[in-house]
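A.B. asks: this one's structure only:
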């Protein structure tokens with residue numbers, strides 16, 4: 001087993017960190033009454049989040065780092081959702097320019113209550129602690145398996161016998177046609193005489 005900071009483990013860890021960050025931020029934003037942007041805008045916000053996750057997974061992630069990344073990700077993505085949802089969901093309602101801006105700002109931006117803010121912080125803490133624990137378990141598994149795997153690779157374990165390959169078909173010789181003999185094509189002679 002490779003180190004979790006290399007090989008196939010690194011993109012898997014980065015994917016998990018990205019998915020948890022984006023899903024937590026989107027679900028918290030929607031639960032608080034905010035509108036989510038379109039799928040394209042959500043994807044556009046996911047890309048920089050994934051880039052940061054790939055950079056962070058070069059090394060072991062500590063619990064404070066995971067909590068900080070989730071908290072910062074939730075805050076930054078919330079701001080991105082608010083801006084992109086404003087652009088996507090605002091329509092020109094009312095008669096004047098100021099009325100449409102006021103309608104947009106009240107429809108999209110919301111003032112979270114202290115209870116909602118506490119709920120978001122608790123959700124971030126619980127999710128961050130679970131993700132950090134998964135990170136610790138993965139590194140512990142790698143630490144335990146790395147000394148064992150080279151020994152297992154050196155064992156001469158019996159290998160299943162190879163089945164014989166089927167014989168290859170003999171090459172066919174091309175038919176030789178004598179060009180001097182005229183080719184007789186057409187209907188039989190009897191039919192030719194009747195017409």
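C.D. replies: Noted; the coordinates are in hand. Please read these numbers as outputs of a predicted model, since none were measured by experiment.

A.B. asks: Look up how far residue 137 lies from residue 42.
C.D. replies: Distance of residue 42 to residue 137, given as CB to CB, to the nearest Å: 30 Å. C-beta coordinates here come from the backbone N, C-alpha and C atoms, glycine included.

A.B. asks: per-residue confidence at residue 94?
C.D. replies: Here the pLDDT value assigned to residue 94 is 48.

A.B. asks: do the one 4 residues further on as well
C.D. replies: Per-residue confidence for residue 98 comes out at a pLDDT of 47.

A.B. asks: Which of residue 42 and residue 137 has more residues huddled nearby?
C.D. replies: Ranked by neighbour count (other CB atoms under 10 Å), residue 42 and residue 137 place residue 42 first, with 18 against 10.

A.B. asks: Report all helices and strands that the helix or strand where that one lies contacts.
C.D. replies: Assigned by DSSP states H and E, residue 42 belongs to helix 39-56. Applying 3 or more CB pairs under 8 Å, 6 or more residues apart in numbering; DSSP states H and E, we find helix 39-56 packed against helix 9-31, helix 63-89.

A.B. asks: comparing these, which gets the lowest mean pLDDT score?
C.D. replies: By mean pLDDT, the lowest-scoring of the helices and strands packed on helix 39-56 turns out to be helix 63-89, with a mean of 82.

A.B. asks: buried sites along that one?
C.D. replies: Buried residues in helix 63-89, counted by 16 or more other CB atoms under 10 Å: 66-67, 69-71, 73-74, 76-78, 80-82, 84-86.

A.B. asks: Then stretch 16-36?
C.D. replies: Result for stretch 16-36 [16+ other CB under 10 Å]: buried residues 16-18, 20-22, 24-26, 28-29, 32, 34-36.

A.B. asks: Taking those, tell me the two that lie furthest apart.
C.D. replies: Distance extremes for the buried residues of stretch 16-36: the farthest pair is 16 and 35 at 26.8 Å, using CB to CB.

A.B. asks: Who are the contact partners of the residue nearest to residue 46 when sequence neighbours are not counted?
C.D. replies: In space, and not counting its chain neighbours, residue 46 is closest to residue 22: 5.2 Å by CB to CB, 6 or more residues apart in numbering. Counting by CB atoms under 8 Å, 6 or more residues apart in numbering, residue 22 touches 42, 45-46, 49, 73, 77.

A.B. asks: now for those residues, which pair is the farthest apart?
C.D. replies: 42 and 73 (13.5 Å).
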